[in-house]
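> next one to model:
(chains A and B)
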Protein chains: 2
Amino acid sequence: MTAGSWLELALVHHPVANRRGELIGSAVTNLDIHDIARSGRTFGIDRFHLVTPYADQQSLVAELLDHWLTGRGGQLNPARKEALELVRVSPDLAALYAEITERRGEKPLVVATSARAQGQIIPYSALRERLAGGGPTLILLGTAWGLAPEALAEVDAFLPPISGGGDYNHLPVRAAAAIIMDRLLAVV
Amino acid sequence: MTAGSWLELALVHHPVANRRGELIGSAVTNLDIHDIARSGRTFGIDRFHLVTPYADQQSLVAELLDHWLTGRGGQLNPARKEALELVRVSPDLAALYAEITERRGEKPLVVATSARAQGQIIPYSALRERLAGGGPTLILLGTAWGLAPEALAEVDAFLPPISGGGDYNHLPVRAAAAIIMDRLLAVV
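Numbers count the residues shown, from 1 in each chain, chains lettered A, B, ... in the order given. Got it, this is the predicted structure:
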């Protein structure tokens, strides 16, 4: 088992916050799926979950995946197919936690990301060691203006905010995902 | 001067390779501009250059920047405006090198990125030290299937490929840019 095989990412579309901090559900973004799947495949993670309760959004993802996994897309671009094979859809976090616990035989460590420091922090070095040693781990990434408090109920710890020294914290979630995987799984 | 203020990125749209390794020019992608500018602003880099010789592509970028820098976009989303203020356009690499040399008073160290190991390698630790110590540095990022040999003429060194241990090397350029800036400029 590689370190990456212990890691799963979830991109949460509900419950998240809008710019006024209100609870909303966001729309699935085609590009988030492709970019995070490609980064995930590069770093050898186990799965990339899209969390959305909306049936129309779930159908959209199913159609997209069908195009790439069994249709014309994968024939033309096998590398893209290989990345999108990581993608799964869950209706909500409770269902995702139950599915991972069932499949892995134990509850994963649930780690959230945030552009602001909050809660119990787990340093990157500690999480890197956990993955190298083996232990199911799920990282939650928020869309829109970030994970809503309702998404944090069963979170065990937070990764420290990614900082370039300034006060600008509007990193795209696609970029944050890439940086987090690089910090945890890069082979140098 | 911060370490980031010594760093400029260039996203090269010509000369790059297509999937058969032939010399082409690629189209400017709206999302690359936004994502890399947001990551660049997070890590405090000095400028983010788009290199394209095509007049229609240059006009497209000018329109986009106008919307965000002086138009409605920046009023609605000041954080996005702040990121896109980093963006400049150059018609080709020779013009970009000349402009930086003129503005900085010395030729920048030109560092290229590649998904495959090649040429003189500069380790991340050495480039991180250079930026912390102060020294103009330009990193070239390729679009499409990567920088063409014609783009490498004045390159001083290559960054090592980003590796997750496997053989999948189809990281989005947006993700690679974020990881590179994090490795060089993150404050931890």
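
> buried residues in the helix or strand containing A:L131, which are they?
Using DSSP states H and E, A:L131 maps to helix A:124-133. Using 16 or more other Cβ atoms under 10 Å in any protein chain shown as the test for burial, helix A:124-133 gives A:127, A:130-131. Bear in mind the C-beta positions are built from the backbone N, C-alpha and C, glycine included.

> what packs against that helix?
With contacts taken as 3 or more Cβ pairs under 8 Å, 6 or more residues apart in numbering or on different chains; DSSP states H and E, helix A:124-133 sits against strand A:137-142, helix A:173-185.

> would you turn those into TSV with distance to chain B, mean pLDDT and mean neighbour count?
Shown next, in TSV, are those (distance: least, Cβ to the nearest Cβ, whole Å; pLDDT from 0 to 100; neighbours: other Cβ atoms under 10 Å in any protein chain shown):
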stretch	distance to chain B	mean pLDDT	mean neighbour count
strand A:137-142	13	98	24
helix A:173-185	4	98	24
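
> how close does the closest residue in space to A:D182 that isn't next to it in sequence get to B:G74?
Of all residues not flanking A:D182 in the chain, B:I179 sits nearest, at 4.5 Å (Cβ to Cβ, 6 or more residues apart in numbering or on different chains). To B:G74, B:I179 is 28 Å away according to Cβ to Cβ, to the nearest Å.

> and A:I139, by the same measure?
To B:G74, A:I139 is 33 Å away according to Cβ to Cβ.

> do the same with A:T70
Applying Cβ to Cβ, the value for A:T70 to B:G74 is 43 Å.

> more neighbours, those two?
Neighbour count, other Cβ atoms under 10 Å in any protein chain shown: between A:T70 and B:G74, B:G74 has more, with 19 against 11.

> the helix or strand hosting that one vs chain A: in contact?
Using DSSP H and E, B:G74 falls within helix B:72-76. No - among the residues of helix B:72-76, none lie within reach of chain A under Cβ under 8 Å from any Cβ of the partner chain; the closest is 10.1 Å away.

> contacting residues around that helix?
Under the contact criterion Cβ atoms under 8 Å, 6 or more residues apart in numbering or on different chains, helix B:72-76 has outside partners B:67-68, B:80-81, B:84.

> show me the beta-bridge partners of A:I24.
A:V16 (DSSP bridges).

> can I assume it is in contact with A:V16?
Yes - using Cβ atoms under 8 Å, A:I24 is in contact with A:V16, at 6.2 Å.

> now do the shared contacts for those two.
Residues touching both A:I24 and A:V16 (Cβ under 8 Å, 6+ apart): A:144, A:148.

> can you name every helix or strand that the lengthiest helix in chain A contacts?
Longest helix in chain A by number of residues (criterion: DSSP state H): helix A:55-69. Applying 3+ Cβ pairs under 8 Å, 6+ apart, one finds that helix A:55-69 contacts helix A:30-42, helix A:72-76, helix A:78-84, strand A:87-90.

> same thing but at 10 Å, please
helix A:30-42, strand A:47-51, helix A:72-76, helix A:78-84, strand A:87-90 (3 or more Cβ pairs under 10 Å, 6 or more residues apart in numbering or on different chains; DSSP states H and E).

> state the distance from the residue nearest to A:G25 when sequence neighbours are not counted to A:N30.
Leaving aside its sequence neighbours, A:G25 sits nearest to A:H14 (Cβ to Cβ, 6+ apart; 3.6 Å). Separation of A:H14 from A:N30 (Cβ to Cβ): 18 Å.

> who has more neighbours out of the two?
Higher neighbour count among A:H14 and A:N30: A:H14, with 21 against 11, using other Cβ under 10 Å.

> let me know the secondary structure of the more buried one.
Secondary structure, DSSP: H, G, I helix; E, B strand; the rest coil: A:H14 is coil.

> so it touches A:Q58, yeah?
No - contact between A:H14 and A:Q58 fails when scored by Cβ atoms under 10 Å: they sit 11.7 Å apart.

> which neighbours do these two share?
Contact criterion Cβ atoms under 10 Å, 6 or more residues apart in numbering or on different chains; residues shared by A:H14 and A:Q58: A:52, A:91.

> sorry, back to before: lowest average pLDDT across the helices and strands packed on helix A:55-69?
With a mean of 91, helix A:72-76 has the lowest mean pLDDT of those.

> which residues touch A:T70?
Shown in contact with A:T70 (Cβ under 10 Å, 6+ apart): A:K81.

> how about the helix holding B:G74: buried residues?
Neighbour-count burial for helix B:72-76, with 16+ other Cβ under 10 Å as criterion, is recorded at B:73-74.

> one step back: just the closest of the contacts of helix B:72-76 to chain A, please.
Distance to chain A across the contacts of helix B:72-76 (Cβ to the nearest Cβ) is lowest for B:R80, with 7.5 Å.

> quick one: the nearest residue to that closest one once chain neighbours are set aside and B:L141, what's the gap?
Sequence neighbours aside, B:W68 is the residue nearest to B:R80 in space, at 5.9 Å (criterion: Cβ to Cβ, 6+ apart). As judged by Cβ to Cβ, B:W68 and B:L141 stand 21 Å apart.

> same check, this time on A:E85
Distance, A:E85 to B:L141, using Cβ to Cβ: 27 Å.

> hmm, back to that, redo the contacts of helix B:72-76 as a markdown table? Include distance to A:A95 and neighbour count.
Below are these laid out as a markdown table (distance: Cβ to Cβ, whole Å; neighbours: other Cβ atoms under 10 Å in any protein chain shown):
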| residue | distance to A:A95 | neighbour count |
| --- | --- | --- |
| B:H67 | 41 | 15 |
| B:W68 | 39 | 24 |
| B:R80 | 34 | 19 |
| B:K81 | 39 | 18 |
| B:L84 | 39 | 23 |
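
> of the residues you listed, closest to A:E106?
Nearest to A:E106, judged by Cβ to Cβ, of the contacts of helix B:72-76 is B:R80 at 42.0 Å.

> wait, the closest one touches B:R38, no?
Yes - at 7.5 Å, B:R80 and B:R38 qualify as touching, with contact defined as Cβ under 10 Å.
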